[in-house]
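Novice: Predicted coordinates and the sequence they were generated for:
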Amino acid sequence: MRALHLIGLRTATGEKVRLYPADTFPLFLPSWLVESDREILLAFYQQILGEDTLRRAEVEWYRSIVDADREFLRNLRERHGSDEFLVVVKVRRPDVDLNDVLAQPELQGFQHVAITSDFPVANERLGKLGEIGRLVQTTAEEIYEEMVRELGLRPDGIELVEPLVQTLLNPILVIETYNALLDVHAENVARENQRDAIYRRILGRLLDTMPGGEVVGLVVLALRGEKGFAAAMKEPERTNVLASLRGRMLVRDRKIILWARFLSEEFVRELLRERVQRLAYPEARPAHGARRVMKWLDPAAQPVAKDRLRADVFAIFKWLNEGQLGRARTELQALESRLDEPGVTMVTRSYYWLAAARMLHLEGRWAEAESLFRKALSLQKEGGANAKIHGIILHNLACGLRDNGRWTEAEPLFHEALRLGEEGGDTATSRGLTLHELACGLSDNGRWAEAEPVFREALRLKEKGGATAISRSITLHELACGLCDNGCWAEAEPLFREALRLGEEGGDTATSRGITLHELACGLCDNGRWAEAEPMFLEALRLKREGAASAEELAVTLRAYSRGLRAHGRHEEAALLEAEADLLDEAATRVVETSTQATAREAVGPDESGRGD
């Protein structure tokens, strides 16, 4: 049974979903939407506004738009007109009035504008977001009706979830509500329990976006039941948690009471036990009141003893990241006999099989690796591990599926891994790595309009999270390649140069730097700058030889260099390079490529991220 995905959403007849706005008021994405949701909604808005050629330009707002960005927008308007770009303004400070942003003349020259904010703003207007939500709801209903005819789903499914959908403003949650409707059918949930199961899943998603203190407060409210909520409604300004919950669900007036029945003791114990326990026993300062609430959730709950095997398993990730497959294999074999020792948690077992799967993937044994990835997933679910670990395993499984030509299966796993990472409090760097891999898949499948903003968000998150220079250079390299392939050389060139600088700063391999130099040289050559390109081709060859690059990798640069020589009348030199490339091709043996360069250099690391860096 196929799930619905916002990005790439099509109608029941397979047509592209389009938005034809009745007015020119910009899309506003408020601060109560989590950051990853805002980025997905921007990509979706870009997708539905018109043709896939619509590109994105971003500027930031602190006290205002800086002069350099004003000049950039004016130049963009003069060169490309008013309708070829979606201009995104990202508000980065509190105490901003939306009307002040909209009054900027540089923005009024564009037909397509979106504004996102990290903080509440004055005079925020959500009409366009509601319009998109209604478009998504109508499309999801059409798809569901088609599934009713094809698959025999319950015919009253739309009526079942409509009261919930009507309280939601986030289009992503509208899609997730219909996916929950499909899930309860696939999982054979009893018909009379399906409504409650759907409401619980969506409410759980909402609660996981709330700050720790508000989660604790919500548990306290839950203990009061409907009477507690009714009393809180009389003075909502005194109940921060109620205001937060209302904002995230756009629940008005006393409709909040409708949700109170899903906050029974049983539900809170089931949904929030682990979340509150993490708040009560973190590495840093615990959330206020969390430990007292834990006594109600589970009087016996205490911090678990340190798992002695886990440190040994994490060491294997380090060796995999460094390419020491032989050592990793030996240690995995030695540790397997210890998996049944007393005290070894299901989480540690999940990590063990994840490490084993990663090793097989790196060795090119995907059929065996996939089964172990799925075994790690199964153990994680059995052990009740948190969303973060679930997301790590999905990230790795998705990378393997993508690298083995199964993109349609991989893409929804990337999106789910991102959601779980956000839910589980994953680091900005880790979420940036997952976005990078998703963007690579989108780009490789001809969906550059969707890939570009995802690459840019991956880069922003990596910078925010303090990712290594090498990790940032990888994303810059891939973004620059995509821009170059799509005719945006002026934007690509500085990114290639910055990727080279970061690679050298971070001590990246000679081969990797040679690959980036090769791409930069090709771009310069294609843009009529041969005098600059030729020394870069020579340096790329030197670095690749120094780094013992494969024969195929050397041959690629030799042929690109020879084409440049021939274009400038130096046929004898070109012929020598082509002959050398032919010899390399003949001598090369077939080597199974274990993954893309980016995946290999960002393999699983020892920091429990499962993604490395």
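Specialist: Received the coordinates, thanks.

Novice: Walking through the stretch 451-600 of the chain, point out its helices one by one.
Specialist: 469-485, 489-505, 510-526, 530-546, 551-567, 571-587, 597-601 (DSSP state H, counting those that start in this stretch).

Novice: buried sites along the fifth one?
Specialist: Of the residues in helix 551-567, those buried under the neighbour-count criterion (16 or more other C-beta atoms under 10 Å) are 551, 553-562, 564-565. For glycine as for every other residue, the C-beta is placed from the backbone atoms N, C-alpha and C.

Novice: Give me the angle between it and helix 530-546.
Specialist: Relative orientation of helix 551-567 versus helix 530-546 (axes from the mean of the first three to the mean of the last three C-alpha atoms, to 10 degrees): 160 degrees.

Novice: Quick one: list the elements packing against helix 551-567.
Specialist: helix 510-526, helix 530-546, helix 571-587 (3 or more C-beta pairs under 8 Å, 6 or more residues apart in numbering; DSSP states H and E).

Novice: Turn those helices into CSV, including mean neighbour count, distance to Asn321 and mean pLDDT.
Specialist: Conversion of these to CSV gives the following (neighbours: other C-beta atoms under 10 Å; distance: least, C-beta to C-beta, whole Å; pLDDT from 0 to 100):
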stretch, mean neighbour count, distance to Asn321, mean pLDDT
helix 510-526, 22, 15, 91
helix 530-546, 18, 22, 90
helix 571-587, 14, 29, 85
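
Novice: Out of the ones you listed, flag the one nearest Leu360.
Specialist: Closest approach to Leu360 among those is made by helix 510-526 (23.8 Å; C-beta to C-beta).

Novice: thinking again about what came up before, dump the helices of the stretch 451-600 of the chain into CSV; add distance to Glu450 as well.
Specialist: Shown next, in CSV, are the helices of the stretch 451-600 of the chain (distance: least, C-beta to C-beta, whole Å):
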stretch, distance to Glu450
helix 469-485, 11
helix 489-505, 17
helix 510-526, 22
helix 530-546, 30
helix 551-567, 27
helix 571-587, 35
helix 597-601, 18
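
Novice: so which of the ones you listed comes closest to Leu42?
Specialist: Across the helices of the stretch 451-600 of the chain, closest to Leu42 is helix 469-485 (C-beta to C-beta), at 16.4 Å.

Novice: from the chain's centre, how far out does stretch 448-463 sit?
Specialist: 9 Å (C-alpha atoms, centre = their mean, to the nearest Å).

Novice: residues in contact with that stretch?
Specialist: If you take C-beta atoms under 8 Å, 6 or more residues apart in numbering as the criterion, stretch 448-463 is touched by 7-8, 39, 42-43, 46-47, 52-56, 58, 428-429, 431-433, 435-436, 438-440, 442-443, 471-472, 475-476, 478-479, 482-483, 485-486.

Novice: can you tell me which of those residues are in helices?
Specialist: 39, 42-43, 46-47, 428-429, 431-433, 435-436, 438-440, 442-443, 471-472, 475-476, 478-479, 482-483, 485 (DSSP state H).

Novice: For PyMOL, write the select line for the buried members of those.
Specialist: Here is the PyMOL selection string for the buried members of the ones in helices among the contacts of stretch 448-463, based on 16+ other C-beta under 10 Å:
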select buried, resi 39+42+43+46+47+428+429+431+432+433+435+436+438+439+440+442+443+471+472+475+476+478+479+482+483
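
Novice: on that earlier part again, out of the helices of the stretch 451-600 of the chain, which comes closest to Gln324?
Specialist: helix 597-601 (13.0 Å).

Novice: pLDDT on the closest one, on average?
Specialist: Averaged over helix 597-601, pLDDT sits at 41.

Novice: Determine the number of other residues adjacent to Asn179.
Specialist: When neighbours are defined as other C-beta atoms under 10 Å, Asn179 has 20 of them.

Novice: nope, Gly503 is what I meant
Specialist: Neighbour tally, Gly503, other C-beta under 10 Å: 25.

Novice: so who does it touch?
Specialist: Neighbouring residues of Gly503 by C-beta under 8 Å, 6+ apart: Ala469, Ile470, Ser473, Ser512, Arg513, Thr516.

Novice: So what pairs up with the residue lying closest to His112 once chain neighbours are set aside in the strands?
Specialist: Sequence neighbours aside, Leu86 is the residue nearest to His112 in space, at 4.4 Å (criterion: C-beta to C-beta, 6 or more residues apart in numbering). As for beta bridges, Leu86 partners with Arg56, His112 under DSSP bridges.

Novice: show me the contacts for Leu86.
Specialist: Taking C-beta under 8 Å, 6+ apart as the criterion, Leu86 is in contact with Leu42, Tyr45, Gln46, Leu49, Leu54, Arg55, Arg56, Ala57, His112, Val113, Ala114.

Novice: from memory the fourth one sits against Val113, does it?
Specialist: No: Leu49 is beyond contact range of Val113, at 10.8 Å (criterion: C-beta atoms under 8 Å).

Novice: Could you check which of those two has the larger neighbour count?
Specialist: Val113 (21 against 18).

Novice: For the nearest residue to the more buried one once chain neighbours are set aside, give me phi and psi.
Specialist: Spatial nearest neighbour of Val113, excluding adjacent residues (C-beta to C-beta, 6+ apart): Pro26 at 3.9 Å. Dihedral pair for Pro26: phi -60, psi 160, per degrees, to the nearest 10.

Novice: so who does Glu578 touch?
Specialist: Leu558, Arg559, Ser562.

Novice: how does it look with 6 Å?
Specialist: By C-beta atoms under 6 Å, 6 or more residues apart in numbering, the contact list for Glu578 reads Ser562.

Novice: Against Arg566, how distant is it?
Specialist: Taking C-beta to C-beta, to the nearest Å as the measure, Glu578 falls 9 Å from Arg566.

Novice: and the residue nearest to Ile470 when sequence neighbours are not counted, what pLDDT?
Specialist: The shortest distance from Ile470 to any non-neighbouring residue, by C-beta to C-beta, 6+ apart, is to Gly506 (3.9 Å). For Gly506, the pLDDT comes out at 82.

Novice: One more: Leu433?
Specialist: Turning to Leu433, the model gives it a pLDDT of 91.

Novice: again with Val604
Specialist: As predicted, Val604 sits at a pLDDT of 40.

Novice: quick one: the longest helix belonging to the chain to chain centroid distance?
Specialist: Ranked by residue count and defined by DSSP H, the top helix of the chain is helix 127-151. On the basis of C-alpha atoms, centre = their mean, helix 127-151 sits 24 Å off its chain's mean C-alpha point.

Novice: Likewise for stretch 361-369?
Specialist: Its chain's C-alpha centre and that of stretch 361-369 lie 24 Å apart, by C-alpha atoms, centre = their mean.

Novice: Quick check: buried residues in that stretch?
Specialist: Buried, per 16+ other C-beta under 10 Å, within stretch 361-369: His361, Leu362, Trp366, Ala369.

Novice: What sits closest to the first one if chain neighbours are left out?
Specialist: When you say that, I think you mean His361. Ala369 is the one closest to His361 (C-beta to C-beta, 6+ apart), at 4.2 Å.

Novice: Could you do Lys375 as well?
Specialist: Per C-beta to C-beta, 6+ apart, closest to Lys375 is Trp353, 5.0 Å.

Novice: so how far is Leu320 from the one you found?
Specialist: To Leu320, Trp353 is 13 Å away according to C-beta to C-beta.

Novice: Over to Ala357?
Specialist: Ala357 sits 10 Å away from Leu320, taking C-beta to C-beta as the criterion.
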